[in-house]
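*Asks:* have a look at this prediction, sequence included:
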Amino acid sequence: MIISIASGKGGTGKTTVATNMALSLQADVQILDCDVEEPNAHLFIKPIIEDVSTMYTPVPVVDMEKCNLCGECQKICQFKAIIVVGETVLTFPELCHSCGGCMEVCPQKAITETGRELGIIERGKRNGLEFVHGKLRIGEAMSPPLIRKVREYARSGALTIIDAPPGTSCPVIAAIKGADFVLLVTEPTPFGLHDLKLAVGAVNLLGIPCGLVINRSDMGDDRVREYADNEGIPLLMEIPFDRRIAECYSRGDMIIAAMPEWKERFKELYHKIEDIVSGKKSIKS
Amino acid sequence: MKELVIISGKGGTGKTSMLSAFASLAKNKALCDADVDAADLHLIMNPQIIEQHDFDSGHTAFINQDKCTQCGRCRDLCRWNAIDENYTVDSIACEGCGVCYYFCPEGAIDFPLNTCGEWFISKTRFGPMAHASLGIAEENSGKLVSLIRQEGKKIAERENLDLLLTDGPPGVGCPVIASLGGASAVLIVAEPTVSGRHDMERVAELAAFFKVPAMICVNKFDLNPEQGKAIEDYSRERNVKVIGRIPFDPVFTKAMVQGKTIFEFDGNSEGSNAVRDIWNKVSRSLELE
């Protein structure tokens, strides 16, 4: 089963929920931190890293010996990543989406591919928990290719918990597409509500069942609860504002370690998700 | 005309609350919400929309079933697995590269331009505002960020204003990169947590990479002074100007719930005093009078 933890608004507690839930369970669990722009789960999981690999995405190189400056590559490229200027062909690897169109179209077979570094993927373990995250290279604009590479480590037998990036555009879609369940974490404020609605829109577009965690649940107003009620989104957990939790988070400590009573609550959260997902499956079959 | 862009790396550190507070204090300014993916500034600014435009960018392939012979060429070439065995394009997976459209031997594929969002020029009680909303699950947020900043600059120049205050997106990827180019300075709003520190280091590195001068303030400083100081030390080493500490103050949430800036809600709270002090430093650093 794949559970993606998303939010719309940043800083609502995705990583807190993802890491504490992952470490509360005894099962075969892996956590994939797909917030590759700003990955944080490792600061709480503190895994022992066993493997680091650099990830690349293909970009064109032109062999000017073979090129006859016909301009077909420039014509097919939607991203202005390859242009013919005078007697040469310029490539802009940072704009390239790696579609391979220029290579395919070149009548002289003058184009081959090399790699643009996307960032790194680190893999490790903490006790029984398997940990994988991607770290986008500073200056690299495109996070979805690296997110997709992190997701390749999902094992079908395991419970895969994905920590998704904030927002609702392509990186979020890359992190929630194909998940069995999306757990949305929000805060009961106007910003939290507004961005939650966008996140629910994305989840609905993909047709994935979702549920809600309200963090700092006593710090805003009731509009998030009313919205969830009206939309029929199950409220699965509330985490009240507690300075001890905030301080514990600030140090990189796990809530379930500092306040063990939370371990049962995170287990229960998982069981509620399991019930929803299995219920859905039985309806389908 | 100067442009200050507020970024953070980590989400939820208080960018929008800070920008709104600055809107209360700054003179002769226009506002710009460049967090087009999850825009929130309008919830405080309550803009009256004057102009509304579609944002057209990127294409999506569409296969005409009556012309398609299912030869398989498009499926072989598509690197996004966006075309299924029934020769239907998954518009969410489609990258808009046009390779299938270009090579289809039957000419069965259309490749229309997408409308992937909207942008607006509005009036607010603090001055003109440029803002946008990207459609859900859409791409090209970087292009929309560049566009909305351009529009923000245009209205600021048209109205002879001194400053554009731009609310940036979280992260370090494409929309953030698009929000940095050509800015007079960025203000990083950090929080004193291990995550906040990790993320501010990455975004400070990004600002340095693009050679934009950076300042930093630490929000909720008293939550973990040790982390707060570590952030300040790191910043000084990297030539990021340290310009203040803001205490944890519920006034930020309370003001937001009422759709107000912290100064409209309570101009004498601890948080407001700290922000006023920070604004004075920002204003001096940008050489605004």
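*Replies:* Thanks, I have it.
*Asks:* how is the chain divided into domains?
*Replies:* Picking chain A for this. Per automatic domain parsing, the domain ranges recorded for chain A read A:2-55+A:121-284, A:64-109.
*Asks:* not quite, go with chain B.
*Replies:* In the domain annotation for chain B, the residue ranges read B:2-56+B:117-285, B:61-111 (automatic domain parsing).
*Asks:* shouldn't residue A:249 be in contact with residue A:16?
*Replies:* Yes - in this structure, residue A:249 is within contact of residue A:16 by Cβ atoms under 8 Å, at 6.1 Å. Glycine gets a C-beta too; all of them are placed from N, C-alpha and C.
*Asks:* overlap in contacts, the two.
*Replies:* Common contact partners of residue A:249 and residue A:16 (Cβ atoms under 8 Å, 6 or more residues apart in numbering or on different chains): residue A:255.
*Asks:* re earlier: most tightly packed of the domains of chain B?
*Replies:* Comparing the domains of chain B by mean neighbour count (mean count of other Cβ atoms under 10 Å in any protein chain shown), domain B:2-56+B:117-285 ranks first with a mean of 21.
*Asks:* can I get the domains of chain B in a markdown table with mean pLDDT?
*Replies:* A markdown table is the format used below for the domains of chain B (pLDDT from 0 to 100):
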| stretch | mean pLDDT |
| --- | --- |
| domain B:2-56+B:117-285 | 97 |
| domain B:61-111 | 97 |
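*Asks:* pull the number of nearby residues for the residue of the stretch 51-200 of chain A found nearest chain B.
*Replies:* Relative to chain B, the nearest point of the stretch 51-200 of chain A is residue A:99 (3.4 Å; Cβ to the nearest Cβ). Neighbour count for residue A:99, taken as other Cβ atoms under 10 Å in any protein chain shown: 24.
*Asks:* for the residue nearest to it when sequence neighbours are not counted, pull up the helix or strand it's in.
*Replies:* Among residues not flanking residue A:99 along the chain, residue B:97 sits closest, at 3.4 Å (Cβ to Cβ, 6 or more residues apart in numbering or on different chains). Under DSSP states H and E, no helix or strand contains residue B:97.
*Asks:* so the nearest residue to residue A:106 once chain neighbours are set aside, which of the three states?
*Replies:* Closest residue to residue A:106 apart from its sequence neighbours, by Cβ to Cβ, 6+ apart: residue A:73 at 5.9 Å. Following DSSP: H, G, I helix; E, B strand; the rest coil, residue A:73 is assigned to helix.
*Asks:* just checking, residue A:73 touches residue A:107?
*Replies:* No - the pair residue A:73 and residue A:107 fails to qualify as a contact (Cβ under 8 Å) at a distance of 9.9 Å.
*Asks:* tell me which of these two has more neighbours.
*Replies:* residue A:73 (27 against 9).
*Asks:* if we can go back for a sec, could the domains of chain A be laid out in a markdown table, adding mean pLDDT?
*Replies:* As requested, the domains of chain A are exported to a markdown table (pLDDT from 0 to 100):
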| stretch | mean pLDDT |
| --- | --- |
| domain A:2-55+A:121-284 | 95 |
| domain A:64-109 | 97 |
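*Asks:* what about the strands in the stretch 51-200 of chain B?
*Replies:* In the stretch 51-200 of chain B, the segments counted as strands under DSSP state E, counting those that start in this stretch are B:62-63, B:109-110, B:113-124, B:127-134, B:163-167, B:185-190.
*Asks:* and the stretch 1-150 of chain B, which residues reach chain A?
*Replies:* The interface of the stretch 1-150 of chain B toward chain A, taken as Cβ under 8 Å from any Cβ of the partner chain, is made up of B:9-13, B:16, B:37-38, B:40, B:43, B:58-59, B:77, B:79, B:92-93, B:95-99, B:102-103, B:134, B:136-139, B:141-142.
*Asks:* can you pull out the helices in the stretch 101-250 of chain B?
*Replies:* B:141-158, B:174-180, B:194-209, B:225-237 (DSSP state H, counting those that start in this stretch).
*Asks:* then chain A?
*Replies:* Taking DSSP state H as the test, the helices found in chain A are A:14-24, A:41-45, A:72-76, A:101-105, A:144-151, A:170-176, A:190-206, A:223-231, A:243-251, A:255-258, A:261-284.
*Asks:* for residue A:277, give me its contacts.
*Replies:* By Cβ under 8 Å, 6+ apart, residue A:277 lies in contact with A:1, A:180, A:181, A:209.
*Asks:* measure the last one to chain B for me?
*Replies:* For residue A:209, the distance to chain B equals 17 Å [Cβ to the nearest Cβ, to the nearest Å].
*Asks:* isn't that residue right next to residue A:181, touching?
*Replies:* Yes - Residue A:209 is in contact with residue A:181 according to Cβ under 8 Å; the separation is 5.6 Å.
*Asks:* quick one: which of these two has more around it?
*Replies:* residue A:181 (20 against 17).
*Asks:* quick check: the more buried one touching residue A:6?
*Replies:* No - look at residue A:181 against residue A:6 with Cβ under 8 Å: they stay out of range, at 10.7 Å.
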